[in-house]
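1. dropping a prediction and its sequence here:
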Amino acid sequence: MRKFRTVLGVTLAGACALTAVPATASAAPSTALQQQAAADSTGTYYPVSPARLMDTRSGLGAPKAKLGPLSKVDLQVAGRGGVPGSGVGAVVLNVTITGPTMDSFVTAYPAGESRPDASSINFAKGWLGSNNVTVKLGAGGKVSVYNRNGSTDVVVDVVGYYAADNSFPTPGGQYEWYEPDRVFDTRLDPEGKPPAGTTLEYSLEFDGDTNSHVKALVFNLTAVAPAKAGFLTAWSGATARPTSSTVNYGAGVNVPNLAFVQTTPCTGTEPGQWCTPGAPKFKVYTSAEAHVLVDFVGVVDDGASPFGMRFQPQSPTRIVDSRANKGITGALGANATARVQVPAELVTEDTGVAVMNVTAVKPTRNTVITVWPADNPAIPGKPATSNLNPYTNQVVSNAVLGIIEPTAAFNVHNHTGSTHLVADLVGTFYYPTGEPTEARGIAARGQLRKAEVTGSSHR
């Protein structure tokens, strides 16, 4: 049995070390403002148990046939898979590509709108992989799914949705960013690479009463050096493992994907008492022998945190294309960092996070791409995490929740070789209107401290 634990930076029983997140201090918002925000569901997040909406291999949600070149499917989302029939502004999907006949890309966008100059997932001939995609719902509660070249099977699972307005009687959760941090890495475990069919169980622990308010964790989940093609599935562990997948990988290929994963509290009665009672926990299953990395980036709470943010969906908009000197001038070289300013018309003074699809285009060497906020004293340097792990000459995408406060800018770093980069913005997280400026993000230092991660454990 695996049993490792890290508390307050002190490693026990051989656990991988976890660096505590620096606190963010600010003045507390008024009780009246907290109550006002709590009563409004607009922009709040509602997780659902992962549910399959579309599978072209079986004919679920679309014709039973590969999606051909220059063709699209209008996928009905509202009213299916736990998503309400009305009142939904955007959905969080996991889009999987399997068996493509040519290099191509798929774009998911609001049905009824013109197809944007953006992509949701990029892939090579014969590729197997997935990407977390946040999409604004279009006409009739549908999402258009477009394929550019060749033919490919497409699988779509829904994992959550955002309220469009105040029509839901109970508000959902708010998103709160944390400093990106690698909290779990099986390459550091003394028991070695998890074999096929392994289920890992993880827990993060927060200070104060934060544990009881965490309803989902948001992290970048990476499969490293899998022995053969397969998948990772992340879920709360409170139920049987769902049939959907979170990360799909090919043999020997490092593949990341952003994941919103519901949690369940530790009870304290787990075998070996491996986690702290009340701390949120979740499970990760790997179908093939593979290492597993978990880079923590944020939480979805129950609406109680004064640092919580709401989501504003937007039609996909390209903000970076280094091939055209847009956002970044030319290919990003080895060990180079570029600062990207988000266009002013896409953000407001309340914006804290940009929700993007970031694509590496044909790097000259296998490399690592990392995104973190610019000009943010809470995160002064590049974190030891990754957002993309592209291989030589590969075109690959991943969803990124990029912290952009306080100056609406982010940094992006390329590890080795050189690569072009593309970023498409699909929405933003904002601090609820009416909250005083001093209560936002890293503004004026006051009496309230942002909750810290104080420990981690797994078995």
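-> Everything's here; your move.
2. tell me which residues in stretch 149-169 are buried?
-> Across stretch 149-169, burial judged by 16 or more other CB atoms under 10 Å covers 149-164, 168. In short, each C-beta sits where N, CA and C put it, glycine included.
3. in strands, which of those residues fall?
-> 153, 154, 155, 156, 157, 158, 159, 160, 161, 162, 163 (DSSP state E).
4. so the nearest residue to the last one once chain neighbours are set aside, which of the three states?
-> In this case it means residue 163. Nearest residue to residue 163, sequence neighbours excluded (CB to CB, 6 or more residues apart in numbering): residue 41, at 4.4 Å. Following DSSP: H, G, I helix; E, B strand; the rest coil, residue 41 is assigned to coil.
5. so residue 41 sits against residue 168, correct?
-> Yes. Look at residue 41 against residue 168 with CB atoms under 8 Å: they come within range, at 4.1 Å.
6. what ranges do the helices span in the stretch 1-150 of the chain?
-> 31-39 (DSSP state H, counting those that start in this stretch).
7. where does pLDDT dip in it?
-> 1-39 (pLDDT under 70).
8. related to what we said a few turns ago, could you dump the ones in strands among the buried residues of stretch 149-169 into JSON lines and include distance to residue 458 and pLDDT?
-> Below are these laid out as JSON lines (distance: CB to CB, whole Å; pLDDT from 0 to 100):
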{"residue": "153", "distance to residue 458": "34", "pLDDT": "98"}
{"residue": "154", "distance to residue 458": "33", "pLDDT": "98"}
{"residue": "155", "distance to residue 458": "29", "pLDDT": "96"}
{"residue": "156", "distance to residue 458": "30", "pLDDT": "96"}
{"residue": "157", "distance to residue 458": "25", "pLDDT": "93"}
{"residue": "158", "distance to residue 458": "27", "pLDDT": "95"}
{"residue": "159", "distance to residue 458": "22", "pLDDT": "91"}
{"residue": "160", "distance to residue 458": "24", "pLDDT": "94"}
{"residue": "161", "distance to residue 458": "29", "pLDDT": "97"}
{"residue": "162", "distance to residue 458": "30", "pLDDT": "97"}
{"residue": "163", "distance to residue 458": "33", "pLDDT": "97"}
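9. so which of the residues you listed is the closest to residue 409?
-> Lowest distance from residue 409 to those (CB to CB) belongs to residue 162, with 24.4 Å.
10. which residues touch that closest one?
-> 43-46, 88-92, 172, 310-311, 313 (CB atoms under 8 Å, 6 or more residues apart in numbering).
11. try 7 Å
-> Shown in contact with residue 162 (CB atoms under 7 Å, 6 or more residues apart in numbering): 43, 44, 45, 89, 90, 311, 313.
12. let me have these in CSV, extended by distance to residue 431 and neighbour count.
-> Output for the contacts of residue 162, formatted as CSV (distance: CB to CB, whole Å; neighbours: other CB atoms under 10 Å):
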residue, distance to residue 431, neighbour count
43, 10, 26
44, 13, 27
45, 15, 27
89, 17, 17
90, 18, 26
311, 12, 27
313, 17, 20
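13. re the thing from before, against residue 298, how distant is the residue nearest to residue 163?
-> According to CB to CB, to the nearest Å, residue 41 stands 20 Å off from residue 298.
14. picking that back up, would you turn the ones in strands among the buried residues of stretch 149-169 into CSV with distance to residue 324?
-> Below are these laid out as CSV (distance: CB to CB, whole Å):
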residue, distance to residue 324
153, 31
154, 28
155, 32
156, 30
157, 33
158, 33
159, 33
160, 33
161, 34
162, 31
163, 36
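15. of these, which pair is most distant in space?
-> 153 and 163 (31.8 Å).
16. for the stretch 251-400 of the chain, which spans come out with low pLDDT?
-> Looking at the stretch 251-400 of the chain by pLDDT under 70, you get an empty list.
17. of the ones in strands among the buried residues of stretch 149-169, which is the nearest to residue 395?
-> For these, the nearest to residue 395 is residue 154 (17.2 Å; CB to CB).
18. verify the contact between the closest one and residue 106 for me.
-> Yes. Using CB atoms under 7 Å, residue 154 makes contact with residue 106 at a distance of 6.4 Å.
19. which residues do the two both contact?
-> 95, 97, 145.
20. most neighbours of all the residues you listed, which one?
-> residue 145 (27 neighbours; other CB atoms under 10 Å).
21. tell me the buried residues in stretch 67-85?
-> Within stretch 67-85, the residues that count as buried by 16+ other CB under 10 Å are 67, 72, 73, 75, 76, 77, 78, 80, 81, 83.
22. can you give me every residue that contacts the fifth one?
-> In other words, residue 76. Neighbours of residue 76 in contact, by CB under 7 Å, 6+ apart: 61, 141, 142.
23. from those, which land in strands?
-> residue 142.
24. ChimeraX command for the buried members of the contacts of residue 76?
-> Applied in ChimeraX, the following selects the buried portion of those according to 16+ other CB under 10 Å:
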select :61,141,142
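25. I'd like the contacts of residue 76 as TSV, with distance to residue 117 appended.
-> As requested, the contacts of residue 76 are exported to TSV (distance: CB to CB, whole Å):
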residue	distance to residue 117
61	26
141	24
142	21
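26. can you tell me which of the contacts of residue 76 lies nearest to residue 352?
-> Residue 352 has its nearest neighbour among the contacts of residue 76 in residue 141, at 27.9 Å by CB to CB.
27. you'd agree that closest one is up against residue 78?
-> Yes. Judged on CB under 7 Å, residue 141 makes contact with residue 78 at a distance of 2.5 Å.
28. thank you, goodbye.
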